[in-house]
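>>> below: sequence and its predicted model.
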Amino acid sequence: MDDYPLLDIFLTTMWFFLWILWFMLLFRIFGDLFRDDTVGGWGKAGWCVFLILLPFLGVFVYLIARGKGMGAREMAKMKQADAEFRDYVRDAAGAEAKKPSAAEELARLAELKRDGAITEEEYQRAKALVLQ
């Protein structure tokens, strides 16, 4: 343990986390680039070549040139996901609200019995199921 001092452990850990941070930043930039519909295929290819051949300069230029748009695109994506979720919940709640109540079911059963569509025995079985 004497040949690897505490400061070296700290520096190694720091470099390791900076390396992970760098890759997270690259993945974030590539994800933003490929999700953006305003950039054409050649533009995306150019940015990819720039980011791969000159990664540090490419990342800094991308963040300066398109950094503000990254936040706006992310916010728009979040708002769209929230709107889709709210629509789904509204539709699901609406489908549940359309289910007839027990009183409506009993009224429908009584009408069917009165019209002769079902017998007294069928009426009693269906009524028991509705009241459960």
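Looks like it arrived, so ask away.
>>> what about the helices in the chain?
Remark: helices assigned in the chain by DSSP state H are 6-35, 41-53, 55-97, 102-115, 120-131.
>>> now the second one, how far from the centre of its chain.
Shown here is helix 41-53, whose average C-alpha point lies 27 Å from the average C-alpha point of the whole chain (CA atoms, centre = their mean, to the nearest Å).
>>> pLDDT of it, averaged?
Mean pLDDT, helix 41-53: 94.
>>> buried residues in that helix?
For helix 41-53, a neighbour-count test (16 or more other CB atoms under 10 Å) marks 47, 51 as buried. Yep, even glycine has a C-beta here, placed from its N, CA and C like the rest.
>>> and the contacts of it?
With contacts defined as CB atoms under 8 Å, 6 or more residues apart in numbering, helix 41-53 is touched by 26, 29-30, 33-34, 39, 57-59, 61-62.
>>> all set, thanks.
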